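**Q** next comes the sequence, and after it the predicted model I'd like to discuss.
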Amino acid sequence: MSKAGITLATAGPSAPAVRPTGRRGVELALIVLAVGLSVYGYCAVGLARNGTVPPGAAGYGAGLGVLAVLAHLAVRWRAPLADPLPLPIGVLLNGVGLVLIYRLDLETPGDRAAPAQLIWSTLGVALFIAVILVLRDHRVLQRYTYLCVTVALVLLTVPILFPAVNGARIWIRVAGFSIQPGEFAKVLLAVFFAAYLAANRSALTYAGRRVWGMQLPTGRVLGPIVAVWLVSVGVLVLERDLGTSLLFFGLFVVLLYVATGRTGWIAVGLLLASLGAVAVGRLEPHVHHRIETWLRPFASIEAGEGPNQIAQSLFAFAEGGILGSGLGLGHSVLIGFAVKSDFILATAGEELGLAGLSAIILLYGLLVERGYRAGLALRDPFGRLLAVGLASLVALQVFVIAGGVTGLIPLTGMAMPFLAQGGSSVVTNWAIVALLVRLSDSARRQDAAGALR
Amino acid sequence: MTRHIRHAALFCALLLVALLVNAARVQVLHAEDYEANPANRRATITRYQQPRGDIWVDGRPVTGSRDTGEHLRYERTYSDGPLYAPVTGFASQEYGTTLLEATEDAVLSGAAPVLQPLPLWNEFTRSRSAGGDVLTTIDPRAQRAAYEGLRGRKGAVAAVEPSTGRILALVSVPSYDPEPLSGNGRTAREAWARLNADPDRPMLNRAVQRTYPPGSTFKVVTAAAALDAGVVKGVDEPTRSPDPYLLPGTTTRLVNGTDRCRNATLRDAFVRSCNTVFAQLGVATGVERLRRTAESFGFNDADLRVPFPVAPSTFDTTVDAAQLALSSIGQYNTRATPLQMAMVAAAVASGGQVREPYLVERTTRASGGTVSAAGSGAVRRAMLPATASRLRELMRGVVEDGTGGKAAIEGAVVGGKTGTAQHGLGNSGMPYAWFISWAQREDELEPKVAVAVVVEDGEGSRREISGGGTAAPVARAVMEAVLRPE
């Protein structure tokens, strides 16, 4: 996996003085690059729109830089062996997201979202630092398994009591702030799943009988799975949030498979998922409409009602072509509602082109890969499942929303990690990156300990 | 567990690869379809993102652009909108473009590839050239003289320079201001509805888009054909023509508005505008020779563009002798645009040569460099030079001692021909008053202007004189404006 690892392996027990080297210098260099790229994008927007470097460029760069360096110092102090990639990736994606939102703010003078997003980013980085400083060992989280699931379920159910916003009951509004508690619930559920499955692996793996060559689970252990399935469908029906329920269910199936290695689980999972999807697609008009739009995105144009959001989003991506129109020069604002949140990727696609979009997707891919690396390197089942869970969470979320806005799958309202406007999402994603950094640090530590032993 | 983690990683990788493949599908494979979708507003936004190039008349732009700060940013403005509307047309964000705004749209909007500094430059830089300018041949004094002359009436004026074909004036009255149509809001919709509901059809460019029966002005064409064919030997020899003339194969008697037409000479018949003489001459010349002459003047040409298309003037060739007789005096199915009749006068003035009329002198880049310039267009011979010189004499006679006296200009040689065309079922409509003419300063070598005027409501009188009464003074004002630029 790493140079340090190889050095240790060859050095063997006879060289106890060799310590694994942290790669904090690499991390700092990458952070400087990430901040530089973001400031460059910020300036490019201003130059394209007004011919001048925007007045806030220095402040924006300084703000982002200070946040990133503080995060870096926290890692340097408390997780010196951590993987050097997740933090710069988070900084770059967050920085690009701020640039895109600032760029869209220029089109909607009455609705400025970038300053609020910067505040939420600050909170997110603060949470990152807090997690790195406080959580010295990820295994501590196993103690709070049932607290996690309780809080998660409360967070998921609270928005039902609040009025629906744009057809979905996923927000709570307090004192002018809107929060999406489902975002926080994602991390807590990932912790719960990892801890529950790590504890019950054997029961799940070896019980049950074989049918058609597949190992089916027994009724006793099937209970929690059915419960989770019910919660997902409940979220879907009561909150009309297709994306979140899909995310939870996908996460659970992936972790179940990784924990038990039983393909039977996947079969059961897919069966339940398709049953739920078909039923909901048929019965729930909101979801049914989304599927119709996905199948025929230009139906509303043919009907003379003008382009819908998906059509506008496809137009934006198409306009971008390979190299894009350049920051500040596209017209993705035509998408209208949710252009800064769910549809933020369309702005990236139009103004940065397929090249920029691929770079962004590859950044997510790299982040996921680093998560899986940590999972493979860790020795304890909980840590492995948690790393895999968090990485899969990012991958699934990127797939669900990016696939939705590019017409690959039906659109489900969800925030593009780090890029999209939305405080809850940014804070949550910084927590995910913090956990991945902590897990990678633990992996190297366990590695070193194992090698030295 | 390690093996299963790898499987899960593979699954996540597949998801992201699917995203990349799909992005390539949308952004590259289907990009052109999506960009061409009519519901995609990007092309429209880009089009109005920059000021539109201007249309110029004699060193001065008659159009402009206004920054509205709206989504479709620049809107067209017009100075002297109604005066130049038959030249410029309108450029509307809602209703498209017409006339020069339409035919020169690629240059004005900056979309023309020829405006690029290097081939494919705009595609490479994703930029758009600044709108180019269109310089017209219009003479503002002639244009205004024609417009003022028709004020309060319905009609049209076309004036050309005989030696080149440059269009000096193109006026249609009643006119309209194209500016309210420029935007895409309520103003534009209301103006559009109002203009379309107007029974006078102000958006119709009568000078080029409408044909009228040319009446007696067509006698110039008939005389040219008869002289070229040798049907008439000399202009002062008596023609053997009865009065009234019995249309061949019918019992219909064709009469004249004036007397002394029986066996009149061509000169007298032309000056007095004897229908009987020219009907008989037309029949004697024959449909084939008449058609050839008419077509060399520009009749039956559906492809004439100046650069916007001109309605084809018609001379029907599937006629019997009686219909031919009527066609020869500009009735039956003979129809002409005012521009066509100006071309007829111009051909007489320039020794029988017909030059394609044109309205655009030059198109330039925003920086001033010439994109294209009007070359010498095709020249056709409509009649022998000798015939042209005889016709000039006849037309001078009309102005000096005939029905066109009101067109005379001091210090200039003026030739003209009046016309009153009947129309409507049973000739019930108010007759159209015509006057076509050319003028040459006495101190110059060739005529500088040829003009055709049609007035739709030729006063109450049905007499031949009305062409000379209402249309001739307008023609005179236009010619004077060209000859004596103060």
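**A** In hand now; what should we look at?

**Q** skip the chain neighbours and tell me the closest residue to the closest residue to chain B within the stretch 101-250 of chain A.
**A** For the stretch 101-250 of chain A and chain B, the shortest gap (CB to the nearest CB) falls at A:Arg201, measuring 8.6 Å. C-beta here means a position set from N, CA and C on the backbone, and glycine is covered the same way. In this structure, A:Arg201 finds its nearest non-sequential neighbour in A:Ala259, 5.1 Å apart by CB to CB, 6 or more residues apart in numbering or on different chains.

**Q** tell me what whichever strand or helix holds that neighbour is packed against?
**A** Using DSSP states H and E, A:Ala259 maps to helix A:242-260. Helix A:242-260 sits against helix A:181-206, helix A:219-239, helix A:263-283, helix A:381-405, helix B:2-24, with contacts defined as 3 or more CB pairs under 8 Å, 6 or more residues apart in numbering or on different chains; DSSP states H and E.

**Q** tilt between the first one and helix A:242-260?
**A** When you say that, I think you mean helix A:181-206. Put simply, helix A:181-206 runs at 30 degrees to helix A:242-260, going by axes from the mean of the first three to the mean of the last three CA atoms, to 10 degrees.

**Q** ok, now the fourth one?
**A** Relative orientation of helix A:381-405 versus helix A:242-260 (the same axes, to 10 degrees): 150 degrees.

**Q** could I get the average pLDDT for helix A:381-405?
**A** Helix A:381-405 carries an average pLDDT of 95.

**Q** give me the next element, helix or strand, following that helix.
**A** Downstream of helix A:381-405, the first helix or strand assigned by DSSP H and E is helix A:423-452.

**Q** now swap in the third one and tell me
**A** Reading on from helix A:263-283 to the C-terminus, the next helix or strand found by DSSP H and E is helix A:285-295.

**Q** and that next one, what's buried?
**A** For helix A:285-295, a neighbour-count test (16 or more other CB atoms under 10 Å in any protein chain shown) marks A:287, A:290-291, A:293-294 as buried.

**Q** how about the next helix or strand after that helix, does it reach chain B?
**A** Sequence-wise, the next helix or strand downstream of helix A:285-295 (DSSP H and E) is helix A:299-302. Yes: counting by CB under 8 Å from any CB of the partner chain, chain B is contacted by helix A:299-302 at A:Ile301.

**Q** now do the buried residues in helix A:299-302.
**A** By 16+ other CB under 10 Å, the buried positions in helix A:299-302 come out as A:300-301.

**Q** chain center to it: distance?
**A** Distance of helix A:299-302 from its chain centroid, counting by CA atoms, centre = their mean, to the nearest Å, is 33 Å.

**Q** and the pLDDT for B:Thr364?
**A** 94.

**Q** wait, what's in contact with it?
**A** Neighbouring residues of B:Thr364 by CB atoms under 8 Å, 6 or more residues apart in numbering or on different chains: B:132-133, B:135, B:370-371.

**Q** not counting sequence-adjacent ones, nearest residue to it?
**A** B:Asp133 (5.0 Å).

**Q** now do the contacts for the one you found.
**A** For B:Asp133, the contact set (CB under 8 Å, 6+ apart) comprises B:53-56, B:61, B:107-108, B:363-366.

**Q** so which of those residues comes closest to B:Val414?
**A** Closest approach to B:Val414 among the contacts of B:Asp133 (CB to CB): B:Trp56, at 29.9 Å.

**Q** thinking again about what came up before, which of the helices and strands packed on helix A:242-260 is buried the deepest?
**A** Among these, helix A:381-405 has the highest mean neighbour count (mean count of other CB atoms under 10 Å in any protein chain shown), at a mean of 26.

**Q** for that helix, name the packing helices and strands.
**A** helix A:181-206, helix A:242-260, helix A:344-377, helix A:423-452, helix B:2-24.

**Q** out of the ones you listed, flag the one nearest A:Trp77.
**A** Comparing the helices and strands packed on helix A:381-405 by CB to CB, helix A:423-452 comes nearest, at 11.4 Å.

**Q** get me the contact residues on the stretch 201-350 of chain A for chain B.
**A** Near chain B, when you scan the stretch 201-350 of chain A using CB under 8 Å from any CB, you find A:254, A:257-259, A:261, A:298, A:301, A:306-307, A:311, A:314-315, A:317-322, A:325-326, A:329, A:331, A:334, A:349.

**Q** make a ChimeraX selection of the buried ones in those residues.
**A** In ChimeraX, a selection of the buried entries from these looks like this (16+ other CB under 10 Å):
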select /A:254,257,258,259,261,298,301,307,311,314,315,317,318,319,320,321,325,326,329,331,334,349
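
**Q** residues contacting residue 353?
**A** Let's take chain A. A:320-325, B:27.

**Q** switch to chain B, please.
**A** Going by CB under 8 Å, 6+ apart, B:Gln353 touches B:347, B:379-382.

**Q** if I look at it, how far off is B:Pro162?
**A** B:Gln353 sits 8 Å away from B:Pro162, going by CB to CB, to the nearest Å.

**Q** mutual contacts of those two, please.
**A** By CB under 8 Å, 6+ apart, the residues touching both B:Gln353 and B:Pro162 are B:Ala347.
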